[in-house]
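Student: Dropping a prediction and its sequence here:
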Amino acid sequence: MSSPPSFGSPNQEIPPSKSKWRPIVITIVSAVLLGAGSCFGFITTNGLNQILGIVFAGVFFSCVAAFVAGLIWALGAFIEGLRRGGG
């Protein structure tokens, strides 16, 4: 005969914990790469097409804001890790 199912200890494995740093690093790296590209685009189109230059400048400043937000996010995650004792 088969044994009855045990409800106290399931046979399921605990899923691995997700990294909290991966989305932070992706945000910061993406902001740097997109900011560098839009800065290069602004420099190369400056004087040729004023509207396109304004678009590149706007993208650059939004990338700067995303970079700063990513750094604040990383600092908050680091402080939260210290408060929980994990680091």
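Tutor: Everything's here; your move.
Student: Please enumerate the helices of this structure.
Tutor: 22-45, 50-84 (DSSP state H).
Student: if I read this right, residue 74 contacts residue 24, doesn't it?
Tutor: Yes: using C-beta atoms under 8 Å, residue 74 is in contact with residue 24, at 4.9 Å. For the C-beta atoms, the positions are set from N, CA and C on the backbone; glycine is no exception.
Student: Could you tell me which residues touch both of those two?
Tutor: Common contacts of residue 74 and residue 24 (C-beta atoms under 8 Å, 6 or more residues apart in numbering): none found.
Student: hang on, the earlier thing: now distance to residue 13, mean pLDDT and mean neighbour count too, for the helices of the chain, in CSV please.
Tutor: Formatted as CSV, the helices of the chain follow (distance: least, C-beta to C-beta, whole Å; pLDDT from 0 to 100; neighbours: other C-beta atoms under 10 Å):
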stretch, distance to residue 13, mean pLDDT, mean neighbour count
helix 22-45, 21, 93, 15
helix 50-84, 24, 93, 14
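Student: The ones you listed: which one's closest to residue 14?
Tutor: helix 50-84 (18.4 Å; C-beta to C-beta).
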